[in-house]
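[1] please work out how this folds:
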Amino acid sequence: MPRMSHLYHEDQVYPVREDTLFLLEAALGEVRPGDRVLEVGTGSGYIAVELMKITPHVIATDINPHAVRIAREKGVEVVRTDLMAGLKGHFDLIVFNPPYLPTANEERIDDWLERALDGGLSGRMVIERFAREIGGVLAKRGRTLILVSSLTNEEEVEKLFFHQGFCGKIVKKLSLEGEALVIYRFCSW
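    Numbers count the residues shown, from 1 in each chain. Have a look, this model is predicted:
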């Protein structure tokens, strides 16, 4: 069967950047051997690959077919789905670098890379869905690490998770030009 790699484009996959490395650092400090880990929106699979060095039980998701192919080529078990749709079972640790850039309708570009960045008008569109859906796949006493930008209003993100019954706190902060990034650790009760 001929390779169809010409149908996939790396330029349509979110590359490893400061936010990726920042989330990876937090995830490496959180993951335990034997944890069942889910990385939502894996992109290139960079974080999943590093977490697989600590626990073999890592699954990733991404809606982007280009990202799925690239992560699979790196040995990551990836499900092409929207967030966690269709997943069964419970995960001890869920890691997510969501689309968080506030994006007006007229700023939208219809491509896969855009979907990795577009957080809707508030920057919280995808985060809101994630907060509502995570309870279905997070194990009892499970932990979630989510990267949030100051552009999305951190306090509003906290409220989203608290209203879903999670407790949480900021575990890392990083100042960048024009924004601050924080990583929240939310836990189920």
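
[2] just give me the neighbour total for residue 45.
    Look at residue 45: counted by other C-beta atoms under 10 Å, it has 27 neighbours. For the C-beta atoms, the positions are set from N, CA and C on the backbone; glycine is no exception.

[3] chain neighbours aside, what residue packs nearest to it?
    Nearest-residue entry for residue 45: residue 71, 3.0 Å, with adjacent residues in sequence omitted and distances by C-beta to C-beta, 6 or more residues apart in numbering.

[4] did I read that right, the one you found in a strand?
    No: Residue 71 is assigned helix when assessed by DSSP: H, G, I helix; E, B strand; the rest coil, not a strand.

[5] buried sites along the longest helix along the chain?
    If you go by DSSP state H, the chain has its longest helix at helix 18-30. Of the residues in helix 18-30, 19, 20, 22, 23, 24, 26, 27, 30 count as buried by neighbour count, 16 or more other C-beta atoms under 10 Å.

[6] which member of these is positioned nearest residue 186?
    residue 30 (11.6 Å; C-beta to C-beta).

[7] doesn't residue 142 belong to a strand?
    Yes: applying three-state DSSP, one finds residue 142 inside a strand.

[8] show me the contacts for it.
    Listed by C-beta atoms under 8 Å, 6 or more residues apart in numbering, the contact set of residue 142 reads 90, 91, 92, 93, 94, 187, 188.

[9] hmm, which of the residues you listed are the buried ones?
    Members of those classed as buried by 16+ other C-beta under 10 Å are 91, 92, 93, 94, 188.

[10] shouldn't the third one be within a strand?
    Read it as residue 93. Yes: counting by three-state DSSP, residue 93 falls inside a strand.

[11] residues contacting it?
    27, 30, 31, 32, 35, 36, 37, 38, 142, 143, 144, 145.

[12] can you tell me the element the nearest residue to the third one once chain neighbours are set aside falls in?
    What sits nearest to residue 31 in space, not counting adjacent residues and going by C-beta to C-beta, 6+ apart, is residue 54, at 5.0 Å. For residue 54, there is no helix or strand it lies in under DSSP states H and E.

[13] roughly how far does residue 54 sit from residue 32?
    8 Å (C-beta to C-beta, to the nearest Å).

[14] show me where the protein dips below the pLDDT cut-off.
    1-9, 11-12, 100-123, 189 (pLDDT under 70).
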